[in-house]
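Colleague: A predicted structure for the sequence below; I have some questions about it.
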Amino acid sequence: MAIKDNSRKPRQFQIGNLVLTLSGLLLLTNIFLPGILGPSISRVPYSMFINQVGNGTVERASVSQEEIRYQLKPAEGEEVGQVFSTTPIFDLELPKRLEANGVEFAAPTPPKNRWFTTLLGWVVPPLIFVAIFQFFAARQGGGLGGGGRGALSFTRSKAKLYVEGDDTKTTFADVAGVEEAKVELEEVVEFLKSPQRFLKIGARIPKGVLLVGPPGTGKTLMAKAVAGEAGVPFFSISGSEFVELFVGAGAARVRDLFEQAKKQAPCIIFIDELDAIGKSRASGPFAGGNDEREQTLNQLLTEMDGFAVGDATVIVLAATNRPETLDQALLRPGRFDRQVLVDRPDLSGREEILNIYARKVKLDEAVDLHQIAARTPGFAGADLANLVNEAALLAARTQRESVAQADFNEAIERVVAGLEKKSRVLNETEKTIVAYHEVGHALVGALMPGGSKVAKISIIPRGMAALGYTLQMPTEDRFLMSEAELHGQIATLLGGRAAEEIIFGSVTTGAANDLQRATELAERMVMTYGMSKVLGPLAYEKGGQNNFLGQEGMGNPRRMVSEETAKAIDGEVKGIVEAARDQARSILKNNRDLLEAIAKQILETEVIEGEKLQELLKQAALPDSIPALA
Ligand code: ADP
Ligand code: MG
Ligand code: ZN
């Protein structure tokens, strides 16, 4: 997409003028300053002056607050007396004394060019400062690729203008899996193409459309597609670019951006990452904090209110992944009153997105994109684009002509579990422990509800912390979880540690992450989902912190609860986790032979997956009675 610099030139002349004026002033200063200071006169102490007055040798004196300048009576052979100066002390007797000794005295005539001195004092330093400042501003502007921009343009909008008729332009065909959002934005395109059609009926064209959704779902891409489809100028700027440099610059930028846009109407202004400027002014840990951001936000609000709908079609698109942090004022009617959810794609959406990117690589005939889509719930558009690229890289690395299904599977694993770390070498004992631990997870996961299909067990270290891992592949998108499934997940998480206990009679540090996740799940069951009989269907977590998709934010604060309730919560959480551990134990005890068999096998091969794994897991059996839930 071609980017055209849209800033105007005339400002450049201003720096020219300024430099000229400045050097002119300096010249004047050089001419006049010596006149002001006059020829040098020798200074004497005040006491000497008083002595000379007393001696009667002083002819006349000019007395001011800062200085006394006096002339002696001409000595023999002199035409005029010598002139001295001294700094006066506070001396009320002085006039009397001068009079008594017949000295002619007066206050000095005010220098004619004093106003000029004052002017210089006030004007020159700021001018010098401005000149230095501009020198740097100009350098910075140039360095950031704003080539040819005037030095004064630091407050100018850095908005980039995407021009229509570009051959690489983005269209709606490049976006998939977000059909509802597409429909809404197609309407925006219609507004821009033929505003009259809407105005004739009396329909109000929306001013602001806010794209809301998790990162990587294609918000920026969609905005570009709107520009591409509508064929109108498209000013794009990121919220984070507003809040840099100097106080006041952000607001000036907003003003300038709207000014430029209005001249080009109909057009689109796109503000990416709106939350960078639009954070709520009222709340947050830095309440009352960032003046600069607040000014920028206020300016944005003013501008959005300022242009009347109808006379110029400027539509403001904005994107954010944190709408809950936005200032309410932004969401009021007349501002971003339209909100379009750009969500993570569902199964068919993922397949469509994979299709878009698969077209760009050479695929093996056997590749089943539907199956890949099925294995990647929760992936956003950006993840899928990345996945296809990873798979292509893997194929290229092994000198193959096309990308195979296996490449995709490996790529999914990379994204989900991180890169294999062959360098982290485990000793034999550790390897054995990890093997039993992972098989423990797999067996419990295979038998309990809620776990997805166990697809692979590996004792090759991967990612940041995992020494081994059990990969469970979901078979479908899940939006709800039953209580039984949650219990099953917790039991699966504890399966690793339970296996260590049963086989070795002791535990290692390897289960830390499992315990963490199990505890969190149990806590959420009690505090958020109301799944505890003792505590009832109450939400003990303070709401309102959840983001728009219902995912919990980090560390939701507890509602104010009595001490007994707090105790009861802790008791319930502990009860759930312990019950899950007992279940995991009883399952593993019941399948101890299988546990050992699979662990031995994995110690040889390091990895078990596919058919072979399914055959083995099929032999697992639930015990006749499983410990009851808490
Ligand atoms: P966001 O702005 O929502 O964080 P982006 O629009 O920057 O996400 O997406 C990053 C990249 O991921 C895009 O350039 C595009 O290649 C790919 N992508 C994301 N969502 C989609 C989608 N729905 N369809 C096609 N490609 C997508
Ligand atoms: Mg973006
Ligand atoms: Zn584990």
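Modeller: Sure, I can see it. Ligands and ions are numbered 1, 2, ... in the order given.
Colleague: Enumerate every residue touching the one residue in the chain that gets nearest to ligand 1.
Modeller: Here the chain gets closest to ligand 1 at one residue, G381, 2.0 Å apart by C-beta to the nearest ligand atom. C-beta here means a position set from N, CA and C on the backbone, and glycine is covered the same way. Contacts for G381 (C-beta atoms under 8 Å, 6 or more residues apart in numbering) come out as V175, A176, G177, V178, G216, T217, G218, L221, P345, I353.
Colleague: at 6 Å instead, please
Modeller: Neighbouring residues of G381 by C-beta atoms under 6 Å, 6 or more residues apart in numbering: T217, G218, I353.
Colleague: now do P537
Modeller: Neighbour list for P537: G530 [criterion: C-beta under 6 Å, 6+ apart].
Colleague: rewinding a little: let me know the closest of the contacts of G381 to E294.
Modeller: Nearest to E294 among the contacts of G381, counting by C-beta to C-beta, is T217 at 29.0 Å.
Colleague: mind listing the helices for the stretch 1-150 of the chain?
Modeller: Secondary structure of the stretch 1-150 of the chain (DSSP state H, counting those that start in this stretch): helices located at 11-37, 46-55, 94-100, 114-143.
Colleague: and those, which one's lowest on average pLDDT?
Modeller: Of all those, helix 11-37 carries the lowest average pLDDT, namely a mean of 45.
Colleague: quick one: A584 from ligand 3, how far?
Modeller: As judged by C-beta to the ion, to the nearest Å, A584 and ligand 3 stand 11 Å apart.
Colleague: Which strand or helix spans that residue?
Modeller: If you go by DSSP states H and E, A584 is part of helix 563-590.
Colleague: same check, this time on Q472
Modeller: Counting by DSSP H and E, Q472 is found in strand 469-473.
Colleague: per-residue confidence averaged over that strand?
Modeller: pLDDT averaged over strand 469-473 gives 76.
Colleague: Same check on stretch 566-580?
Modeller: So the average pLDDT for stretch 566-580 ends up being 94.
Colleague: returning to that earlier point: and of the contacts of G381, the nearest to ligand 3?
Modeller: T217 (30.9 Å; C-beta to the ion).
Colleague: Can you get me a residue count around that closest one?
Modeller: 26 (other C-beta atoms under 10 Å).
Colleague: and what of A597?
Modeller: 14.
Colleague: The nearest residue to it once chain neighbours are set aside: which element?
Modeller: Nearest in space to A597, with sequence neighbours left out and distances taken as C-beta to C-beta, 6 or more residues apart in numbering, is L616 at 7.5 Å. With elements taken from DSSP H and E, the one containing L616 is helix 610-618.
Colleague: Name the residues of this protein found near ligand 1, please.
Modeller: Contact residues, the chain versus ligand 1 (C-beta under 6 Å from any ligand atom): 175-178, 213, 215-221, 319, 353, 356, 381-382, 385.
Colleague: Please pick the buried ones from the residues you listed.
Modeller: Among the residues of the chain next to ligand 1, those buried by neighbour count (16 or more other C-beta atoms under 10 Å) are 175-178, 213, 216-221, 319, 353, 356, 381-382, 385.
Colleague: Which of these fall in strands?
Modeller: Taking DSSP state E as the definition of strands, those contribute A319.
Colleague: Mind checking which of the buried ones among the residues of the chain next to ligand 1 land in helices?
Modeller: Counting by DSSP state H, the part of those found in helices is K219, T220, L221, I353, I356, G381, A382, A385.
Colleague: Make TSV from those and add pLDDT and distance to ligand 3 to it.
Modeller: Shown next, in TSV, are these (pLDDT from 0 to 100; distance: C-beta to the ion, whole Å):
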residue	pLDDT	distance to ligand 3
K219	92	36
T220	89	38
L221	90	38
I353	95	32
I356	93	37
G381	92	31
A382	93	29
A385	94	31
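Colleague: re the thing from before, show me how far the helix holding L616 is from its chain's centre.
Modeller: Here helix 610-618 is found 45 Å from its chain centre; the criterion is C-alpha atoms, centre = their mean, to the nearest Å.
Colleague: Residues in contact with it: which ones?
Modeller: So helix 610-618 is in contact with A446, I598, going by C-beta under 6 Å, 6+ apart.
Colleague: buried sites along it?
Modeller: Neighbour counts using 16+ other C-beta under 10 Å place L613, L616, L617 of helix 610-618 among the buried residues.
Colleague: Could you list the domains of this structure?
Modeller: Following automatic domain parsing, one finds the domains of the chain at 14-141, 154-341, 347-417, 428-617.
Colleague: Relative to A203, which of the contacts of G381 is nearest.
Modeller: G218 (27.7 Å).
Colleague: I'd assumed G278 was in contact with T325.
Modeller: No - counting by C-beta atoms under 6 Å, G278 is not a contact partner of T325; they are 7.9 Å apart.
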